[in-house]
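# fold the following and give me the result.
(one chain, ligands or ions: 2)
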Amino acid sequence: MDKIKSIAVTGKGGTGKTVVSTLLIRLLSKRFPGRVLAIDADSAMSLCYTTGLPVVKTVSQLRSELLGIQQARNELNNGPTKDLMRGILAHGDGFDMLTMGRPEEPGCFCACNELLRYGIDTLAEDYDFVIVDGEAGPEQLNRRVMKSVDCLLVMADMSARSLQTAKGIIDVANAGENSISVGMSGLVLNRVRADIPKEDLLKKTGLEVFGELPEDPEVNKFDREDRSLFDLPMDSACPQAVEKIVKKLIPEY
Ligand SMILES: Nc1ncnc2c1ncn2[C@@H]1O[C@H](COP(=O)(O)OP(=O)(O)OP(=O)(O)O)[C@@H](O)[C@H]1O
Ligand SMILES: [Mg+2]
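Ligands and ions are numbered 1, 2, ... in the order given. Model prediction:
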């Protein structure tokens, strides 16, 4: 298996993308401090709450500023876009975070977006791991974020619908139909229950499973109390399950 640097988490709405992304960021930044770039690619912007790290400025805000100012646009064209990206990073304990913010209005800003994406790609060179918390749905292999990801984790709860969505996403990724290239992809099952057999459902998809998470009352509790998942006890079920996935995907962990 090739070395995995970038991991994007995707899947149907509400299946646990942000929970898994946050725990990946937490585990990797603890083990490899300063080497982790987190990217919140969901316009709903949840990572700031689950990591407890406030947003400095979003890529969307940066884009709006640049679009309004001809001189800034020239600078973006001529100067180091990576420095602009560095300027809007939030710095957390062992990781940095880039927040995409709102998607662009349709159609008009392609050149600017292309440069911003180039900026993200070059920024990523400074890190050993890049974790992307994606938006829901198959189209969102995030054209606006990166050109390629090494590993796509597709979340599914044990509903047939979420598995169909997951299969759709992985099929699109494998067919290379997106403007982003994907190294490997597989499922992460969430809210797995011992009393509901999953084998039949899974057999239908024929997809590889990278890991599974049980329902975790601690996660529910932290959610209700609006607390960062960085403070979740490490011995609770979800951190343990995500650590298993990390060990599987990243041998040097
Ligand atoms: N294994 C779990 N145990 C308990 N609660 C969970 C678990 N997984 C997710 N949740 C809760 O379910 C909700 C949805 O999870 P999360 O926000 O991670 O999903 P998402 O896929 O990122 O959603 P969205 O599509 O809105 O971005 C959250 O309230 C989260 O705390
Ligand atoms: Mg989310």
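# so what's the residue count around the closest residue to ligand 2 within the stretch 101-250 of the chain?
For the stretch 101-250 of the chain, the residue closest to ligand 2 is D133, as judged by C-beta to the ion, at 6.0 Å. For glycine as for every other residue, the C-beta is placed from the backbone atoms N, C-alpha and C. Other residues lying near D133 total 29 when counted by other C-beta atoms under 10 Å.
# how much space between it and ligand 1?
Using C-beta to the nearest ligand atom, to the nearest Å, D133 is found at 7 Å from ligand 1.
# quick check: phi and psi at that residue.
Dihedral pair for D133: phi -90, psi 110, per degrees, to the nearest 10.
# what's the closest non-adjacent residue to it?
For D133, ignoring the flanking residues on the chain, the nearest one in space by C-beta to C-beta, 6 or more residues apart in numbering is S21 at 3.7 Å.
# so that neighbour touches I131, yeah?
Yes. Counting by C-beta atoms under 8 Å, S21 touches I131, with 5.6 Å between them.
# so what sits against both of those two?
Here S21 and I131 have 9, 38 as joint contacts, going by C-beta atoms under 8 Å, 6 or more residues apart in numbering.
# the two: who's more crowded?
S21 (31 against 28).
# which residues touch that one?
Contacts of S21 were listed using C-beta under 8 Å, 6+ apart, and they are 9, 38, 47, 50, 131-133.
# likewise D235?
Shown here is D235, which makes no contacts under the criterion C-beta under 8 Å, 6+ apart.
# element containing it, please.
If you go by DSSP states H and E, D235 is not part of any helix or strand.
# returning to that earlier point: scan the contacts of S21 and report the most crowded one.
Of the contacts of S21, V132 is surrounded by the most neighbours, 31 neighbours in total, counting by other C-beta under 10 Å.
# which ones are touching that one?
Shown here is V132, whose contacts under the criterion C-beta under 8 Å, 6+ apart are 6-9, 21, 39, 41, 142, 145-146, 149.
# then D96?
Contacts here follow C-beta under 8 Å, 6+ apart; on that basis D96 touches 36-38, 89-90, 127.
# repeat that with 10 Å
Taking C-beta atoms under 10 Å, 6 or more residues apart in numbering as the definition of contact, the neighbours of D96 are 29, 34-39, 53, 86, 89-90, 123, 126-127.
# now swap in A156 and tell me
11-12, 15-16, 162-167, 169, 187-191, 198, 201-202, 205, 207, 209, 212.
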